[in-house]
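Visitor: Fold the following.
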Amino acid sequence: MTTRTTSATMKVEEAGQLLGIGRNQAYEAVRRGEIPSLKIGGRILVPRRRLMALIDGDEEEADQL
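Guide: Next up, the predicted model:
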């Protein structure tokens with residue numbers, strides 16, 4: 001039996017793929033605050049739950065997470 005663990009965050013490139021936009025567009029959207037992000041060390045990560053709430057149209061929930 002194999003269990004798959006989903007990370008709480010994803011790379012900006014992965015978020016871009018999920019949204020159907022390119023890498024550069026994804027980084028620009030992060031810079032503008034359109035894609036939620038965290039900066040940890042030198043890495044920029046996208047919180048999976050916040051992005052999914054935003055995609056689902058629940059901006060209020062995305063802001064609370």
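Visitor: Tell me the helices and strands packed up against the helix or strand harbouring residue 46.
Guide: If you go by DSSP states H and E, residue 46 is part of strand 43-47. Packing partners of strand 43-47 (3 or more C-beta pairs under 8 Å, 6 or more residues apart in numbering; DSSP states H and E): strand 9-11, helix 12-19, helix 23-32, strand 38-40. Just so you know, the C-beta spots here come from the backbone N, C-alpha and C atoms, and that holds for glycine as well.
Visitor: Select, out of the ones you listed, the one closest to residue 48.
Guide: Closest to residue 48 of those, according to C-beta to C-beta: strand 9-11, at 5.6 Å.
Visitor: For that closest one, which strands pair with it and how are they oriented?
Guide: Strand 9-11 sits in its sheet next to strand 43-47 (antiparallel), going by DSSP bridges.
Visitor: re earlier: okay, the angle between the strand holding residue 46 and helix 23-32?
Guide: On the basis of axes from the mean of the first three to the mean of the last three C-alpha atoms, to 10 degrees, strand 43-47 is oriented at 80 degrees to helix 23-32.
Visitor: in strand 43-47, what counts as buried?
Guide: Going by neighbour count (16 or more other C-beta atoms under 10 Å), the buried part of strand 43-47 is 44, 45, 46, 47.
Visitor: what's the residue closest to the geometric middle of this protein?
Guide: residue 46 (3.2 Å; C-alpha atoms, centre = their mean).
Visitor: Please list all residues in contact with residue 44.
Guide: 12, 27, 30, 37, 38 (C-beta atoms under 8 Å, 6 or more residues apart in numbering).
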